[in-house]
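Peer 1: Only the shape, not the letters, is given here:
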């Protein structure tokens with residue numbers, strides 16, 4: 001089925017039909033809708049190669065994900081990724097997963113961008129000083145980050161307010177009469193790790209609470225590390241009244257240690273608040289207090305809208321979105 005047939009059926013020019021189906025914004029919305037409905041009725045699918053030649057676009061977005069981090073299927077990010085992929089697929093755009101290999105120095109990514117195989121890239125888990133983003137910015141390639149970095153020029157980003165989450169948790173603990181609060185954080189060099197830790201420190205300062213040096217820990221983001229550190233706290237003479245972890249793996253490790261010591265629930269319980277909540281397949285029964293980044297599916301759609309706007313030429317400084325986290329307590333809907 002050709003564009004000529006669709007144009008003839010609607011009494012429009014081939015150029016108008018082509019521009020509507022290729023996402024140009026100079027076609028009236030009502031006209032675009034008629035064209036899309038007719039194309040769908042006729043099961044029209046554009047030729048990818050021809051579309052590339054006409055528009056100069058590859059109709060593909062790359063997503064850069066570190067291979068050393070938590071698997072995608074064991075992460076809250078998996079819902080966002082699914083939504084992002086589905087949204088782009090509706091726009092006839094492919095999402096390509098690119099493994100971020102530090103030893104490669106981004107050579108493979110830069111080669112792909114120079115070859116025009118991608119229209120833009122989405123970079124996950126950015127660092128405060130991120131040489132990947134600096135190189136992309138210097139080369140003039142389009143990119144959007146999930147998280148933020150300290151860059152010299154404006155860039156497109158989507159983020160949750162990682163600084164605000166721990167402040168919610170600390171304030172909740174203080175409202176419940178707890179002041180001996182421990183921070184169990186990961187030692188990854190990512191911006192969100194830095195911001196979550198700083199949010200905890202700022203909240204403790206605002207509440208005028210001193211932190212025991214032994215209760216401020218940075219370690220590997222794993223269940224084993226969370227378990228071992230919590231066991232060490234339990235074995236000490238002054239275990240904390242509450243523990244806040246900055247990720248799910250540390251949270252589950254801490255929960256297992258507390259459950260084994262009969263300190264997870266009941267009169268002798270140590271309050272545990274887990275950033276992003278426990279993993280979906282956690283062996284711990286029942287919910288725990290959690291700092292949540294709500295609407296993960298909606299976040300994927302928002303990211304897709306931002307990256308598409310970037311590809312169409314919207315200035316990066318107009319594509320910066322910050323969503324707020326929530327503190328979810330057991331029993332809340």
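Peer 2: Done, it's in. This one's a predicted model, so the numbers in the text were calculated from it and none came from an experiment.

Peer 1: who's in contact with stretch 313-329?
Peer 2: 144, 154-162, 164-165, 168-169, 172, 273, 277, 287, 289-295, 299, 302, 306, 309-310 (CB atoms under 8 Å, 6 or more residues apart in numbering). Heads up, the C-betas are built off the backbone N, CA and C, glycines and all.

Peer 1: List only buried entries from the residues you listed.
Peer 2: For those, a neighbour count by 16 or more other CB atoms under 10 Å gives the buried set as 144, 155-160, 162, 164-165, 168-169, 172, 273, 277, 289-293, 299, 302, 306, 309-310.

Peer 1: Just those: which are in helices?
Peer 2: 164, 165, 168, 169, 172, 299, 302, 306, 309, 310 (DSSP state H).

Peer 1: Pick out whichever of these sits closest to residue 36.
Peer 2: residue 309 (18.9 Å; CB to CB).

Peer 1: and the closest one, how far is that from residue 156?
Peer 2: 8 Å (CB to CB, to the nearest Å).

Peer 1: Repeat that for residue 205.
Peer 2: 32 Å.

Peer 1: in what helix or strand does residue 249 lie?
Peer 2: Using DSSP states H and E, residue 249 sits in helix 248-260.

Peer 1: so what does that helix touch, helix or strand wise?
Peer 2: Contacts defined by 3 or more CB pairs under 8 Å, 6 or more residues apart in numbering; DSSP states H and E place helix 248-260 against strand 181-186, helix 223-235, strand 242-245, strand 271-275.

Peer 1: among those, which is nearest residue 2?
Peer 2: The nearest among those, by CB to CB, is strand 271-275 at 53.0 Å.

Peer 1: Work out the sheet partners of the closest one and label each with its direction, please.
Peer 2: According to DSSP bridges, strand 271-275 has the following sheet partners: strand 242-245 (parallel), strand 290-292 (parallel).

Peer 1: mind listing the strands in this structure by residue range?
Peer 2: Along the chain, counting by DSSP state E, strands occupy 60-66, 94-100, 120-124, 143-146, 156-160, 181-186, 216-219, 242-245, 271-275, 290-292, 320-323, 326-328.

Peer 1: Looking at those, which is nearest to residue 2?
Peer 2: Short answer: strand 94-100, nearest of the strands of the chain by CB to CB, at 23.2 Å.

Peer 1: Show me what that closest one packs onto, helices and strands only.
Peer 2: Short answer (3+ CB pairs under 8 Å, 6+ apart): strand 94-100 packs on strand 60-66, helix 77-90, helix 107-114.

Peer 1: Tell me the strands beside it, with direction?
Peer 2: Partners of strand 94-100 in its sheet, by DSSP bridges: strand 60-66 (parallel).

Peer 1: what angle do the partner strand and strand 120-124 make?
Peer 2: Counting by axes from the mean of the first three to the mean of the last three CA atoms, to 10 degrees, strand 60-66 lies at 20 degrees to strand 120-124.

Peer 1: can you pull the buried residues of strand 60-66?
Peer 2: Quick answer for strand 60-66 (16+ other CB under 10 Å): 60, 61, 62, 63, 64, 65.

Peer 1: want to try TSV for these, with distance to residue 215 as columns?
Peer 2: Formatted as TSV, the buried residues of strand 60-66 follow (distance: CB to CB, whole Å):
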residue	distance to residue 215
60	47
61	43
62	41
63	37
64	35
65	33
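
Peer 1: Check what pLDDT residue 57 gets.
Peer 2: Looking at residue 57, its pLDDT is 69.

Peer 1: again with residue 297
Peer 2: 73.

Peer 1: Any figure for the gap between residue 197 and residue 284?
Peer 2: Residue 197 is 24 Å from residue 284, by CB to CB.

Peer 1: oh, I was asking about residue 77
Peer 2: For residue 77 relative to residue 284 (CB to CB), the value is 21 Å.

Peer 1: And the helix holding residue 249, how far out from the chain middle?
Peer 2: From the chain centre to the centre of helix 248-260 is a distance of 23 Å (CA atoms, centre = their mean, to the nearest Å).

Peer 1: contact partners of that helix?
Peer 2: 70, 75-76, 184-186, 219, 221-231, 234, 243, 245, 264, 269-270, 272, 274-279, 282-284, 288.

Peer 1: any idea of the angle it forms with strand 181-186?
Peer 2: Going by the same axes, to 10 degrees, helix 248-260 makes 130 degrees with strand 181-186.

Peer 1: quick one: buried residues of helix 248-260?
Peer 2: Buried, per 16+ other CB under 10 Å, within helix 248-260: 248, 249, 250, 251, 252, 253, 254, 255, 256, 257, 258.

Peer 1: is it possible to export those to JSON lines including distance to residue 201 and pLDDT?
Peer 2: Below are these laid out as JSON lines (distance: CB to CB, whole Å; pLDDT from 0 to 100):
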{"residue": "248", "distance to residue 201": "21", "pLDDT": "92"}
{"residue": "249", "distance to residue 201": "22", "pLDDT": "93"}
{"residue": "250", "distance to residue 201": "17", "pLDDT": "96"}
{"residue": "251", "distance to residue 201": "19", "pLDDT": "96"}
{"residue": "252", "distance to residue 201": "24", "pLDDT": "95"}
{"residue": "253", "distance to residue 201": "22", "pLDDT": "97"}
{"residue": "254", "distance to residue 201": "19", "pLDDT": "97"}
{"residue": "255", "distance to residue 201": "24", "pLDDT": "97"}
{"residue": "256", "distance to residue 201": "27", "pLDDT": "97"}
{"residue": "257", "distance to residue 201": "24", "pLDDT": "97"}
{"residue": "258", "distance to residue 201": "24", "pLDDT": "97"}
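
Peer 1: Thanks a lot, catch you later.
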